[in-house]
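S.K.: please find the sequence and the predicted model below.
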Amino acid sequence: MADKNKRVKWLIIIGIILIAGLASIINAFFDDKVDSVGNIPTFTVKRGPLKISITEVGTIKARENIIVKSQLEGSSSIIWLIDEGEEVKEGDLLIELDTANTIESMLDQEVKMKTAEASYLAARDNLEVVKNQIKSNLDQAEVDYNFAKQDLEKYIQGEYPNLLKKAKSKITLAEGELFRAEDEFAWSKKLFEKNFVSQSELEADELTLKKKKLDLEMSENDLELLTEYTYPRRLAQLQSDVGQDKMTLDRTKRKGLADQVQAEASLQSKESDWNRQKAKFDRLSGQIEKAKMYAPVDGVVVYATSVETSSRRGSSKSPLDEGASVRQRQNLIYLPTSSGKNVEVGIEEVDLDKISIGLPVIVTVDPLPGEIFAGRIVSIAPLPDAQAMYMNADLKVYDTVIYLDNNENTKLLRTGMSCSAEIIVEQHEVATYIPVQAVIRIGGKPAVYVVGDNKIERRKIKIGMSNNRMIRVIEGLEPGEIVSLFPPISQQNVETDDFEAPSDVALESETKSGDKSRERDNSDEGPRSGKGRKGGGGGGRSDEGSDRTGSSEGNLSQGSPSGMPGGMEMSSEMRKTMREKMQSVSPEQRERFKGASQEEREQMLKEFSKMATQDTGGGE
């Protein structure tokens with residue numbers, strides 16, 4: 001029971017803290033003015049020279065180069081390398097690559113080439129054999145077909161008529177002999193009756209008669225067999241032989257053509273394979289010659305890794321050295337062919353809209369203190385650098401080339417030197433400016449909070465570009481006016497529905513940020529050209545500072561830095577809960593709160609506090 005009463009007591013205390021803190025936050029959120037300035041850090045609007053510039057680290061490069069690349073296929077190692085910076089003449093050896101693997105591949109390829117050549121020769125001879133065989137088969141088929149036609153014609157026009165005549169002549173002779181036999185038998189019969197011939201002679205004549213009758217019947221049967229059976233059958237057989245031999249001839253022609261086409265295709269395939277293997281052998285032979293690279297012109301040796309590594313952010317290329325592995329078409333050595341110099345820098349996408357071709361650039365080189373080189377932008381890459389995106393997908397850098405003017409001191413520059421390039425975006429001899437953190441956005445338009453008569457008043461302004469430190473004010477402020485560096489959250493976005501409550505960082509570090517800003521911006525130092533993210537004059541977008549909406553804790557409550565009675569601090573959970581509740585406030589509720597009476601405001605705060613207390617555990 002005691003623990004329960006203790007918990008209720010703490011919940012009541014938390015509720016009181018929430019009501020007091022919420023009242024101060026909402027009053028500051030809906031009021032246009034704060035009655036007391038407190039310890040808000042401020043800045044006095046100044047007027048003077050202002051330079052908007054972007055500074056990036058880049059690399060000095062020769063304006064015109066001849067690039068020596070590796071032409072050796074695959075990956076190979078460097079076995080000899082000329083020293084960087086050495087002056088060479090045309091024809092001097094620059095680099096030699098290891099060819100042990102190439103030589104071994106060439107020997108293996110030579111075996112394949114000879115095998116392919118043997119197959120090609122065999123296919124060529126086979127084609128001749130196939131052609132001869134086709135001619136032989138075709139001649140034989142044509143002879144058989146012609147003989148079959150001749151046999152058919154001979155039978156129809158020669159053999160069959162002869163056989164027919166022979167059969168008919170036999171019938172004629174048989175009829176004559178039968179007539180004679182009948183006559184002799186009739187005389188013998190009459191003579192036998194008169195006993196002029198014997199019985200045996202009569203029987204002999206009778207037997208002769210019977211034989212002649214049988215001969216006539218056989219001759220008639222032979223004629224019938226010839227006309228009815230032998231002739232049709234023989235004719236059909238000979239006609240079939242002609243048809244079969246004709247089809248054999250056609251089949252022989254087609255098969256011969258197919259065999260010849262197949263043999264020719266095999267020959268072409270073997271010849272193509274032989275030529276391919278031979279070309280590969282010749283290419284490997286040429287690779288051995290390409291392993292040694294010579295200077296095409298006179299010049300000074302510059303390693304490609306020295307130039308490319310320093311010009312690309314996040315590059316992980318190892319220095320060129322003996323034993324290093326290189327790939328085909330990799331840049332190895334640069335040979336400058338002119339005295340002119342360029343600078344290559346990478347511009348991040350946030351600064352891309354600020355620069356354009358033709359902008360002036362001031363280049364300085366650390367090894368040459370006191371030397372200043374002038375130039376101008378001549379090209380901007382249309383696409384971000386792929387290598388930088390590969391190293392960091394969120395980083396989009398556009399390669400930009402700066403053309404340096406040819407002066408006496410240009411001869412001091414060496415290819416591969418690191419430099420700092422300051423791109424002059426705008427140069428104002430007289431301009432009104434304030435720190436970028438003093439600007440916020442209200443309804444999508446820039447505004448500041450002007451401090452005067454112990455009050456803070458919001459005012460819309462028109463701004464130009466910034467250099468990540470100071471932002472140019474075109475109209476809305478006059479020199480000598482005082483602006484708040486950390487505007488209150490009072491009406492940061494009251495004209496839109498996109499209200500964003502202060503973040504935990506803003507709630508927890510406002511006092512520290514205010515102290516640091518006062519020490520930095522209230523000093524007597526004049527405006528300096530901003531230096532960029534790499535130590536030079538970095539330029540951000542004109543609205544970068546407007547998103548820095550840190551608020552002074554003195555604006556939340558006049559009683560304590562945290563806005564709570566008795567100096568009590570809110571926990572991170574309580575701050576998070578209040579922030580979430582404030583985000584849910586609709587524009588109608590804000591308008592209603594502004595027009596409400598004191599009693600109505602207190603009632604609304606009680607309801608709001610009750611919901612916040614339940615969310616922090618008070619409803620259990």
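M.R.: In hand now; what should we look at?

S.K.: what separation is there between the residue nearest to the spatial centre of the chain and Tyr398?
M.R.: In the chain, the centroid-proximal residue (CA atoms, centre = their mean) is Ala386; its distance is 11.1 Å. Distance check for Ala386 against Tyr398: by CB to CB, to the nearest Å, it reads 11 Å. Bear in mind the C-beta positions are built from the backbone N, C-alpha and C, glycine included.

S.K.: quick one, what contacts Gly416?
M.R.: 59-61, 302-303, 306-307, 310 (CB atoms under 8 Å, 6 or more residues apart in numbering).

S.K.: looking at the residues you listed, which is nearest Ala122?
M.R.: Nearest to Ala122, judged by CB to CB, of those is Tyr303 at 52.9 Å.

S.K.: count the neighbours of that closest one for me.
M.R.: 22 (other CB atoms under 10 Å).

S.K.: likewise the one 4 residues further on?
M.R.: Applying other CB under 10 Å, we find 22 other residues in the vicinity of Val307.

S.K.: what pLDDT does the model give it?
M.R.: Listed pLDDT for Val307 reads 72.

S.K.: which residues touch it?
M.R.: 59, 61, 334, 415-416.

S.K.: ok, the residue nearest to Thr337 when sequence neighbours are not counted - contacts?
M.R.: Excluding the flanking residues, the one nearest Thr337 by CB to CB, 6 or more residues apart in numbering is Glu64, at 4.7 Å. By CB under 8 Å, 6+ apart, the contact list for Glu64 reads 336-338, 340.

S.K.: shaky segments in the stretch 251-400 of the chain?
M.R.: 309-317 (pLDDT under 70).

S.K.: same question, the stretch 451-600 of the chain
M.R.: 487-600.

S.K.: ok, 80 please
M.R.: Judged against pLDDT under 80, the low-scoring parts of the stretch 451-600 of the chain cover residues 486-600.

S.K.: likewise for the stretch 1-150 of the chain?
M.R.: Using pLDDT under 80, the stretch 1-150 of the chain drops low at 1-40.

S.K.: check which helix or strand covers Leu368.
M.R.: Counting by DSSP states H and E, no helix or strand carries Leu368.

S.K.: what's the closest non-adjacent residue to it?
M.R.: For Leu368, the closest residue by CB to CB, 6+ apart turns out to be Leu412, at 5.6 Å.

S.K.: isn't that neighbour right next to Gly370, touching?
M.R.: No. Look at Leu412 against Gly370 with CB atoms under 8 Å: they stay out of range, at 11.0 Å.

S.K.: neighbour count for the two, which is higher?
M.R.: Between Leu412 and Gly370, counting by other CB under 10 Å, Leu412 is the more crowded of the two (14 against 6).

S.K.: quick one: the helices in this protein?
M.R.: Along the chain, the segments classed as helices by DSSP state H run 2-30, 100-154, 160-193, 199-225, 231-290, 304-311, 386-391, 504-521, 572-583, 587-594, 598-613.

S.K.: ok so, going back, out of the contacts of Gly416, who's nearest Met293?
M.R.: Distance to Met293 across the contacts of Gly416 (CB to CB) is lowest for Tyr303, with 13.2 Å.

S.K.: ok, back up a step: among the contacts of Val307, give me the pair with the biggest separation.
M.R.: Thr59 and Tyr334 (11.6 Å).

S.K.: next one: stretch 79-98 to chain centre, how far?
M.R.: From the chain centre to the centre of stretch 79-98 is a distance of 36 Å (CA atoms, centre = their mean, to the nearest Å).

S.K.: list the contacts of it.
M.R.: The contact list for stretch 79-98 (CB under 8 Å, 6+ apart) reads 68, 70, 72, 76-78, 291-303, 306, 320-323, 326, 332-333, 335.

S.K.: for ChimeraX, what selects the buried ones among those residues?
M.R.: Applied in ChimeraX, the following selects the buried portion of these according to 16 or more other CB atoms under 10 Å:
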select :68,70,72,76,78,291,293,295,299,301,302,303,306,320,326,332,333,335
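
S.K.: so which of the contacts of stretch 79-98 are in strands?
M.R.: Within the contacts of stretch 79-98, residues falling in strands by DSSP state E are 68, 76-78, 292-294, 299-300, 302-303, 326, 332-333, 335.

S.K.: who's Ile482 bridged to?
M.R.: Applying DSSP bridges to Ile482 yields these beta-bridge partners: Thr44, Val451.

S.K.: so it makes contact with Thr42?
M.R.: Yes. In this structure, Ile482 is within contact of Thr42 by CB under 8 Å, at 4.9 Å.

S.K.: compare these two (neighbour count), which wins?
M.R.: When neighbours are counted by other CB under 10 Å, Thr42 comes out ahead of the other of Ile482 and Thr42, with 23 against 16.
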